[in-house]
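1. quick one, what's the 3D model for this:
(one chain, ligands or ions: 2)
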Amino acid sequence: MTDYLLTGGCLCGAVRYEVTEPPVSASYCHCTRCQRRTGTAASANARVAPGSLRIVAGEELVREWVPEGGAAKCFCSACGGALWSKDRDGLPAGVRLGTFDHDPGVRPQWRQFVAYAAPWEPIPDDGLPRYDETRP
Ligand SMILES: [Zn+2]
Ligand SMILES: [Zn+2]
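-> Residues are numbered from 1 along each chain as shown. Ligands and ions are numbered 1, 2, ... in the order given. Modelled structure (predicted):
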């Protein structure tokens, strides 16, 4: 048992969730899809343990977009705020770090899809491993 509790939500606050286990890992994704859906150069995501995230409010507002050959991307239909992507089993998996209410404890550990990095923002020289495509 753990008393870990991480809370978070979307931009307008209608969608609220809680995570009951420390995230497994975190990373930056520089892929084109992440640029499109966040409007930024990279998306910072935490991988949460399967089944550890529970929606506590606004579940009816959560919409998803499923790219061909990719994981569902979930967002709040009221404010458009990105929330998480799902794993193959349809469970929330890659949670946007920016949606957490406080420090999740985990830190980004690598950068992936850097081959597609935005030309207008240099990748920070932070010493993190970089992968041209997905992390092997
Ligand atoms: Zn919202
Ligand atoms: Zn991505």
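2. would stretch 75-84 count as contacting ligand 1?
-> Yes - on the criterion CB under 5 Å from the ion, stretch 75-84 is in touch with ligand 1 at 76, 78-79. No exception for glycine: its C-beta is placed from N, CA and C like everyone else's.
3. next, give phi and psi for the nearest residue to Ala118 once chain neighbours are set aside.
-> Spatial nearest neighbour of Ala118, chain neighbours left out: Ala41 (4.1 Å); criterion: CB to CB, 6 or more residues apart in numbering. Main-chain dihedrals, Ala41, degrees, to the nearest 10: phi -70, psi -30.
4. about what we covered before: rebuild the residues of stretch 75-84 next to ligand 1 as a markdown table, extending it with pLDDT.
-> Output for these, formatted as a markdown table (pLDDT from 0 to 100):
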| residue | pLDDT |
| --- | --- |
| Cys76 | 98 |
| Ala78 | 98 |
| Cys79 | 97 |
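5. please identify the buried residues of the helix or strand bottoming out on mean pLDDT in the chain?
-> The least trusted helix or strand in the chain, going by mean pLDDT, DSSP states H and E, turns out to be helix 32-38, with a mean of 92. By 16 or more other CB atoms under 10 Å, the buried positions in helix 32-38 come out as 33-35, 37-38.
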